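In: Here is the input, now give the coordinates:
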Amino acid sequence: MITPAKNTICLWYDGDAEAAAQFYTRTFPDSAVRAVYRAPGDFPSGKRGDVLTVWFTVLGVECLGLNGGPAFKHSEAFSFQVATVDQAETDRYWHAIVDNGGQASACGWCKDKWGLSWQITPVALTQAISDPDPAAAKRAFDAMMQMTKIDIAAIEAARRG
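Out: Presented below is the predicted three-dimensional model:
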C-alpha cells in the first residue's frame, strides 16, 4: 500500500487509466506507475477485479487515474504545462502525444488520445512573451498565435523583429 501525497491530481478515465499512465511514464522523465488497484466489488462502470485506480507520477507530479466511466470527459480547463529546453525536446513531447492518437491544437497545446490537454511550452517562448520590451513581446506573442506546435526559431526571430 502506498501513502498518497497530501495533494494529488485525480484524472477521470473511461476504463483506460492504466494505459494512459503507462504512456505518460514511457513519454516523460521523472514519471512512474506507483500502484494499480483493482475494485474489490462491482461499481457503476466496472466489475470486481477491474482496474479502479492507478497511482502514478508524471514529471514528478502525483496523479491518480480513476476509471470512473463515460460520465465525465477531460477539457481544456485542466492541462499539464511542460516546459521544454529546446526544439528537440518540444518536438519529442509534441509528437509523442499527437502521433499516439492525440490531436494538435493552437499555441503549443495538444490533446492526448484520452482527451487530456497538454501545453508543450518552450522556455524560450515564455521568455519571449515576457520580454521587457513590449514591442518584442508582442511580436513573439503574435507569432505564437499563428502556431500549433511552437517553433522556437520563429519565436526568436519575431522577438528580434
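
In: CA atoms for contacts and neighbours, from now on please.
Out: OK.

In: separation between Ala157 and Leu52?
Out: Going from Ala157 to Leu52 by C-alpha to C-alpha, to the nearest Å gives 49 Å.

In: And the residue lying closest to Val58 once chain neighbours are set aside, how close does it get to Gln22?
Out: Nearest non-adjacent residue to Val58, counting by C-alpha to C-alpha, 6 or more residues apart in numbering: Ser31, 4.3 Å away. Remark: distance between Ser31 and Gln22 (C-alpha to C-alpha) = 9 Å.

In: Could you check which of the two is surrounded by more residues?
Out: Ser31 (20 against 15; other C-alpha atoms under 10 Å).

In: Touching, the more buried one and Tyr24? I think so.
Out: Yes - Ser31 lies in contact with Tyr24 (C-alpha atoms under 8 Å); the separation is 7.1 Å.

In: Among Ala157 and Leu52, which residue is more densely surrounded?
Out: Applying other C-alpha under 10 Å to Ala157 and Leu52 shows that Leu52 carries more neighbours, namely 25 against 13.

In: who's the residue nearest to the spatial centre of the chain bridged to?
Out: Centroid-nearest residue in the chain: Trp118, 3.4 Å away (criterion: C-alpha atoms, centre = their mean). Per DSSP bridges, the residues bridged to Trp118 are Phe80, Cys110.
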